[in-house]
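A.B. asks: Provided below for reference: sequence and predicted model.
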Amino acid sequence: MSPFEVWAKKLKINPDSPTTQQLYENRYLTVEKYIDRFRKGRIKAVLPTSVLAMTIEEALQKPMIDGRNIRKLLASGREKFSK
């Protein structure tokens, strides 16, 4: 099993998803930088400000923060979230 597959399994996210691969490659970026590069800016409006300074890896380990589903906003490949 590759390090990527181990990481995805640990976080319980789909290893076959291109979005998961993107998250893995950028897991050390802050959530704010990741959103600036790969997500629509309107996601920032619904995220708690404490999440923006976390790394992607930290945010995915705590999927619900202040009642917001952080994992869904970051890991979803849906067009309404992606640039």
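C.D. replies: The structure has been received and is ready for your questions.

A.B. asks: can you pull out the low-pLDDT segments for the protein?
C.D. replies: Counting by pLDDT under 70, the chain shows low-confidence ranges at 77-83.

A.B. asks: can you give me the helices for it?
C.D. replies: 3-11, 18-25, 31-38, 49-52, 56-61, 70-75 (DSSP state H).

A.B. asks: now the first one: buried residues?
C.D. replies: Buried residues in helix 3-11, counted by 16 or more other Cβ atoms under 10 Å: Trp7, Ala8, Leu11. In short, each C-beta sits where N, CA and C put it, glycine included.

A.B. asks: turn those into TSV, including distance to Thr49.
C.D. replies: Below are the buried residues of helix 3-11 laid out as TSV (distance: Cβ to Cβ, whole Å):
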residue	distance to Thr49
Trp7	27
Ala8	28
Leu11	23
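
A.B. asks: nearest to Ile65, of those residues?
C.D. replies: Leu11 (14.9 Å; Cβ to Cβ).

A.B. asks: check the burial of the residue nearest to the closest one when sequence neighbours are not counted by counting its neighbours.
C.D. replies: Closest residue to Leu11 apart from its sequence neighbours, by Cβ to Cβ, 6 or more residues apart in numbering: Leu60 at 5.1 Å. Per other Cβ atoms under 10 Å, the neighbour tally for Leu60 reads 24.

A.B. asks: contacting residues around Leu60?
C.D. replies: Leu11, Ile13, Leu23, Arg27, Ile70, Arg71, Leu74, Ala75 (Cβ atoms under 8 Å, 6 or more residues apart in numbering).

A.B. asks: and if we set it to 7 Å?
C.D. replies: Leu11, Arg71, Leu74 (Cβ atoms under 7 Å, 6 or more residues apart in numbering).

A.B. asks: thought the second one was touching Met64?
C.D. replies: No - with contacts counted by Cβ atoms under 7 Å, Arg71 stays clear of Met64, the gap being 8.1 Å.
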